[in-house]
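Novice: take this sequence and fold it.
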Amino acid sequence: MKYFLVLLFFPFSVNAQIEASNDKIEYQARRDSILVQTEFGSIYYTHDTTAVSYDYLNPSQIDSTVFTKFYKEMQLELQRKFYIKTKHFKHPFINSHWTNLYQFNNSFCLYGPSDWMGHTELFFTDSLLYNLRSDGDLEFIMSVSTISSNACEFELLNYWNESYFLAIRIVDENRGIATFEWFDTSHKSQGKTCMVQSEKVRKFPIIIYDCGNQKCAFGDVNFFEPIEFIDY
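Specialist: Sure, this is the predicted structure:
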């Protein structure tokens, strides 16, 4: 299913035309630990929160990102096509914006790709869940159930008029961490990941794929470890 595959896909390499530069590469951040170095650029781990990647993970103008003509037309088209009536709910995640967390050396970190076209983030309103990416879509919130004081479950209707469930549980309020787990209609788990509220991304270091002002193609490299959910 599209919503699941997108969220768990890690785009570690891209098909991009890159050229070696005779000029010194201007990296977007201080490189605290260089993981890969080539003549075109490097992959590095940094705590430097001035990196522009943090701005991409926490858009300052979320309204201009989400409520565009593209998404509005999509919403109206789906409502007409599948006879969907938009519902409105009071839930704890209204106007919250989320991005994926990854694990590196047994600690959480973020991922700053060279090509942001494949990157996906989530944004909730009182009625919709937006999948924000270059070919983004939206899903309708059909119901909201309270699981506990720090968790709730959404029944969602996706772009193909398919129902599924998404359970969100806050596991670290101070750092804005939550687990997101997807279920099919029989409540069989379809996948689980950790995400962070975008306004708190600067609490975490980041691994950046950086070739200065051009896109990178570093090949098949993957520094991220599977997240252990024993404590989550």
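Novice: check which helix or strand covers Y164.
Specialist: strand 163-172 (DSSP states H and E).
Novice: in its sheet, what does that strand sit against?
Specialist: Each strand that pairs with strand 163-172, with its direction, by DSSP bridges: strand 151-157 (antiparallel), strand 177-183 (antiparallel).
Novice: after the last one comes which helix or strand?
Specialist: Next helix or strand after strand 177-183 toward the C-terminus (DSSP H and E): strand 189-197.
Novice: now that following strand and strand 177-183, what's the angle there?
Specialist: Relative orientation of strand 189-197 versus strand 177-183 (axes from the mean of the first three to the mean of the last three Cα atoms, to 10 degrees): 160 degrees.
Novice: ok, and what's touching strand 189-197?
Specialist: Counting contacts by Cβ atoms under 8 Å, 6 or more residues apart in numbering, the residues outside strand 189-197 that touch it are 1, 4, 7-8, 96-101, 108, 110, 122, 164, 171, 175-184, 203-204, 227, 229, 232. Just so you know, the C-beta spots here come from the backbone N, C-alpha and C atoms, and that holds for glycine as well.
Novice: and those, which of them are buried?
Specialist: In terms of neighbour count (16 or more other Cβ atoms under 10 Å), the buried residues within the contacts of strand 189-197 are 4, 7, 96-101, 108, 110, 122, 164, 176-183, 203-204.
Novice: circling back: adding mean pLDDT, write the strands paired with strand 163-172 out as JSON lines.
Specialist: As requested, these are arranged in JSON lines below (pLDDT from 0 to 100):
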{"stretch": "strand 151-157", "mean pLDDT": "97"}
{"stretch": "strand 177-183", "mean pLDDT": "97"}
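Novice: among those, which is nearest W116?
Specialist: Closest approach to W116 among those (Cβ to Cβ): strand 177-183, 20.5 Å.
Novice: all strands of this structure, in order?
Specialist: Secondary structure of the chain (DSSP state E): strands at 33-37, 42-46, 97-100, 102-104, 107-112, 121-124, 128-132, 137-148, 151-157, 163-172, 177-183, 189-197, 206-210.
Novice: out of the ones you listed, which is the most enclosed?
Specialist: Across these, averaging neighbours per residue (mean count of other Cβ atoms under 10 Å) puts strand 206-210 on top, at a mean of 24.
Novice: low-confidence regions, the chain specifically.
Specialist: Judged by pLDDT under 70, the chain has its weakly predicted residues at 1-23, 60-67, 231-232.
Novice: select the longest helix from it.
Specialist: helix 69-82 (DSSP state H).
Novice: from K215, how far out is F180?
Specialist: As judged by Cβ to Cβ, to the nearest Å, F180 and K215 stand 28 Å apart.
Novice: do the same with E153
Specialist: In terms of Cβ to Cβ, E153 sits 38 Å off from K215.
Novice: with Y45 instead?
Specialist: Using Cβ to Cβ, Y45 is found at 20 Å from K215.
Novice: A151 contacts R169, correct?
Specialist: Yes - using Cβ atoms under 8 Å, A151 is in contact with R169, at 3.8 Å.
Novice: share the number of residues neighbouring the closest residue to T49 other than its chain neighbours, please.
Specialist: Leaving aside its chain neighbours, T49 sits nearest to R202 (4.4 Å; criterion: Cβ to Cβ, 6 or more residues apart in numbering). R202: 17 surrounding residues under other Cβ atoms under 10 Å.
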